[in-house]
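Engineer: Just a sequence and a predicted model for now, questions to come.
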Amino acid sequence: MADVQGDESRNDGKRTMGSMGGERSMGGAFLEAAMDEARLAKKSRQAMLEHVGSGKYSAEDFARADPGDWKHTTSRDDFTAAEVQIGKRCHGFHLELLRHQGPTPVSSHYVLTHYDVPVLDPATHAVQVRGHVHRELELTLSSVRRRESITTPVLMACAGIGRSQQQKRFWTHAPWGPDAIGCALWTGCSLADLLREVGVREGAKKVIFTGADKGVEGNRVQHFQRCLSIEEAMKGHVLVCWAMNGEDLSPAHGAPIRLIVPGWYGMASVKWLTSIEVTADASWWGYQMDAYSFKRTAEDPNAVPLTQLAVRALMAPPGFPDFVSRTRVVPPGVQEIVGKAWAGAAGLDRVEFSSDNGETWERAELEEKNGPFGWAAWKAKWNALEGETAVLCCRAFDCQGRGQDRLGTEIFNYASFGCTQPQQVYCRVDARIDTPGADIDLTSEQKAAKTALLQESGLSVEHAQALYQAPGSQ
Ligand SMILES: Nc1nc2c(c(=O)[nH]1)N[C@H]1C(S)=C(S)[C@@H](COP(=O)(O)O)O[C@H]1N2
Ligand SMILES: [Mo]
């Protein structure tokens, strides 16, 4: 396959699955669901590659299908005012926190919010559990807290992760780098237990989750709303959460009660829940189900819905940043590069590191995942030579045979979802970084921030791309 590195059919059964905390033993349903999800992760990657993988569909095909299109942009520094505005509201993970042991602090976890953050009173707010059930139920914060709970690390990632690494991207979406992630500790009750308690009636097909936030999207007034099939909802791994890192949810992360669908892209984890509705309507497919799909064109009858997370590795950018250009300045010598890798429910096979922009790769040291849906720490060594400019990359492979996209390869799809091109970290090696007050001239890197000044900056296109198209240097 031209568009991927290392997607291969192997399943050596090796899983990295760490210990879990929790008020209740997570055995049984939770772990079984994780195994099933790991298997499905491979299927979802294959379905995506079949539909929009390179060779199957490209930006050129898109332009032929829609020659008058004005919704995509190819230019690196051509970010629209709308993208900047969304990018400010929906901030990314602070990549340096990949060095942090333990759960991602709330303030460094990414945020994605379509509309306004609703202000709900935790003392009075209630989630209506209703629809095609025997006994409807009102779930207040105090009643949900009294239920048996599970606490587990969950790696979350937005479907738009890496979007700005795509040559063509949807122009009104969050211009994410690889930073649309977080791995916090989530506490909640099992959705399956809750549904068993209300008694799902014969013929139930779907469970619809509605958020309190309201807005207009695709010219349609709506609450943020998503569904899961009854089978997905009953598997036992989906959580109705009220705590993040042991504290009440913050308003931006869904207070007082939200859903967490471990191992799926973030859109499934509906925040600010107002209702959980069981329906016998098998055809229910809300706007957000359609929007979060791998599509060839805006109206694609064969769109593939986004589900399980892809496999990915990220590194904490070494050294120190230049405020303006985000160039990393690294002292010479052997540097320990550390990072994290994840694959949703799947186990990790290996992580690889490159110090030459993906020309050659070496295997990193990989630890266990911190939970069935968490991430795993890794480290590698890089011998930084005084005076050199290096672009560092990393990539992961999972036990289901999945790998990441090749650098510079488009998995072109209408809303640029699911990109897994490796993170690139642009580094200049300079011993003076250890001397406060020393001068280091980064004018070239700063000029290269603007395509119009690229020539004058003297930076190669490859280096400018690494610095600015994939803002993995942060
Ligand atoms: N009600 C509601 N739920 C939502 C969203 C939203 O806009 N409204 N955004 C979704 C998307 S696209 C993502 S990636 C995650 C982000 O969760 P976080 O902000 O807690 O990181 O929430 C999901 N749940
Ligand atoms: Mo998202």
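Structural biologist: Nice, thanks for sending it over. Ligands and ions are numbered 1, 2, ... in the order given.
Engineer: Closest residue of the protein to ligand 2?
Structural biologist: Proximity to ligand 2, evaluated over the chain using CB to the ion, is greatest for Cys158 at 3.3 Å. Any C-beta I mention is one placed from the backbone N, CA and C, and that applies to glycine too.
Engineer: Contact partners for the closest residue to that residue other than its chain neighbours?
Structural biologist: Leaving aside its chain neighbours, Cys158 sits nearest to Ala180 (3.7 Å; criterion: CB to CB, 6 or more residues apart in numbering). Going by CB atoms under 8 Å, 6 or more residues apart in numbering, Ala180 touches 92-93, 110, 112, 157-158, 160-162, 174, 266.
Engineer: and which of those is nearest Ala41?
Structural biologist: Nearest to Ala41, judged by CB to CB, of these is Ala157 at 12.9 Å.
Engineer: got a pLDDT number for the closest residue to the closest one other than its chain neighbours?
Structural biologist: Computed as CB to CB, 6+ apart, the closest residue to Ala157 that is not its neighbour in sequence is Ile181, at 4.7 Å. Ile181 is assigned 98 on the pLDDT scale.
Engineer: and Ile181, what does it touch?
Structural biologist: Contacts of Ile181 (CB under 8 Å, 6+ apart): 92-93, 110, 155-158, 161, 314.
Engineer: Tabulate those residues in JSON lines, adding columns for distance to Asp434 and secondary structure.
Structural biologist: Putting the contacts of Ile181 into JSON lines (distance: CB to CB, whole Å; DSSP: H, G, I helix; E, B strand; the rest coil) gives the following:
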{"residue": "Gly92", "distance to Asp434": "29", "secondary structure": "coil"}
{"residue": "Phe93", "distance to Asp434": "28", "secondary structure": "coil"}
{"residue": "Tyr110", "distance to Asp434": "32", "secondary structure": "coil"}
{"residue": "Leu155", "distance to Asp434": "34", "secondary structure": "strand"}
{"residue": "Met156", "distance to Asp434": "36", "secondary structure": "strand"}
{"residue": "Ala157", "distance to Asp434": "35", "secondary structure": "strand"}
{"residue": "Cys158", "distance to Asp434": "37", "secondary structure": "coil"}
{"residue": "Ile161", "distance to Asp434": "34", "secondary structure": "coil"}
{"residue": "Leu314", "distance to Asp434": "26", "secondary structure": "strand"}
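Engineer: and ligand 1, which of those reach it?
Structural biologist: Restricting the contacts of Ile181 to those within reach of ligand 1 (CB under 6 Å from any ligand atom) leaves 110, 156, 158.
Engineer: And the pLDDT at the second one?
Structural biologist: Turning to Met156, the model gives it a pLDDT of 98.
Engineer: Out of the contacts of Ala180, flag the one nearest to ligand 1.
Structural biologist: Gly266 (2.5 Å; CB to the nearest ligand atom).
Engineer: What is the neighbour count of that closest one?
Structural biologist: Using other CB atoms under 10 Å, Gly266 is surrounded by 24 other residues.
Engineer: remind me, longest strand of this protein?
Structural biologist: strand 206-217 (DSSP state E).
Engineer: and the protein, which of its residues are near ligand 1?
Structural biologist: Within reach of ligand 1 by CB under 6 Å from any ligand atom, the chain has these residues: 109-114, 156, 158, 182, 211, 213, 224, 253-254, 266-267, 269-272.
Engineer: Please consider this matter closed, and thank you.
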